[in-house]
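> pasting a predicted model and its sequence here:
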Amino acid sequence: MARAPRVELDSPLPETVDGRQIRAVAFQASRLEYVDKTLRSVGLTAAGSRALVVGSGRGLLARGLAGVGFDVVAIDPSASATAIAREAGEREAGERERFAVRYETAPPEELGVAAAAFDLVYYADTFEVTPALDPVLAEGARALAPDGVLVYDTVNRTLVSRLIYLIAFQRLPMTRIMPPGRYAAERMRTPAEMTEALRRHELRNQDICDFKPRDPRSLVKATMDRRRGRITDEEIPPIVDFVLAPDTRPQVTYLGYARKA
């Protein structure tokens, strides 16, 4: 009988299964596509602008934003993730991009950045694991420039999302990619709850966009294959093929953006 893989977040060991990184590689194309769509909608250009990524993990999204012209600060609460991100930046990026991303470790409630310093603030892998959302949003509102845009992705609270995030990703042996307790129903928030939370910090939510695998069966297959070591993290995106679905009601994950009221 095959030995179960070790599930550990932010581990540098290649044999471990890191659900944070699996989500990051699977979501990357949709995240960047949504940022591009949002920038065009609000009339913001990446070149010459500053971006802050909160919940940056191993830095994949931060490097993607740097690649389109942003000067990026990437912050994560995990020192291990930050160290991996720095190493990846040095290994993968050229000199220009290396200096365009600064990696730091800090909790989302105390980012340690200047007020009104960023044209784009992106929250990834943060809201759905945060028990107290208000201090996090207060810090994001403080960091955001008056004409800037706050972009986020998070997990809705539905029957389907509970089955996937609370059971499949955390409990089922064949599909588990997260440690127990990473997600909880009370930390999954509906679009209406997110809109209200943003409003409390004078941020006006302006869009909600569903994003999901083109075929949900591909998510199951990719998760099982990754656990069995048949594929690497980098091979996951074309298998899962997440797409934006702005005309459908989010059942699991969704993106959105807000601006200062």
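All right, it came through fine. Numbers count the residues shown, from 1 in each chain.
> show me where pLDDT drops low in the chain?
1-2, 93-99 (pLDDT under 70).
> got the contact list for the residue most central in space within the chain?
Centroid-nearest residue in the chain, with C-alpha atoms, centre = their mean: Ala124, separated by 2.6 Å. Counting by C-beta atoms under 8 Å, 6 or more residues apart in numbering, Ala124 makes contact with Ala24, Phe27, Arg31, Val53, Val54, Gly55, Ser56, Gly57, Leu61, Tyr152, Asp153. All C-beta spots, glycine's among them, are computed from the backbone N, C-alpha and C.
> so who does the closest residue to Thr154 other than its chain neighbours touch?
Using C-beta to C-beta, 6 or more residues apart in numbering and skipping residues adjacent in sequence, the residue nearest Thr154 is Phe127, 4.1 Å away. Applying C-beta under 8 Å, 6+ apart to Phe127 gives the contacts Leu133, Val136, Tyr152, Thr154, Val155, Arg187, Arg189, Met194.
> what's the closest of the residues you listed to Leu172?
Minimum distance to Leu172 across these is 17.3 Å, recorded for Val155 (C-beta to C-beta).
> give me the nearest residue to the closest one, chain neighbours excluded.
Leaving aside its chain neighbours, Val155 sits nearest to Glu128 (4.2 Å; criterion: C-beta to C-beta, 6+ apart).
> sec struct for that neighbour, please.
Secondary structure assignment for Glu128 (DSSP: H, G, I helix; E, B strand; the rest coil): helix.
> quick one on the thing from earlier: out of the contacts of Phe127, which sit inside strands?
Tyr152, Thr154, Val155 (DSSP state E).
> which of the residues you listed are buried?
Those of the ones in strands among the contacts of Phe127 that meet the buried threshold are Tyr152, Thr154, Val155, by 16 or more other C-beta atoms under 10 Å.
> I'd like the ones in strands among the contacts of Phe127 laid out as JSON lines, including distance to Tyr254.
Below are these laid out as JSON lines (distance: C-beta to C-beta, whole Å):
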{"residue": "Tyr152", "distance to Tyr254": "9"}
{"residue": "Thr154", "distance to Tyr254": "7"}
{"residue": "Val155", "distance to Tyr254": "8"}
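> look up how far Tyr152 lies from the residue nearest to the centre of the chain.
Distance, Ala124 to Tyr152, using C-beta to C-beta, to the nearest Å: 8 Å.
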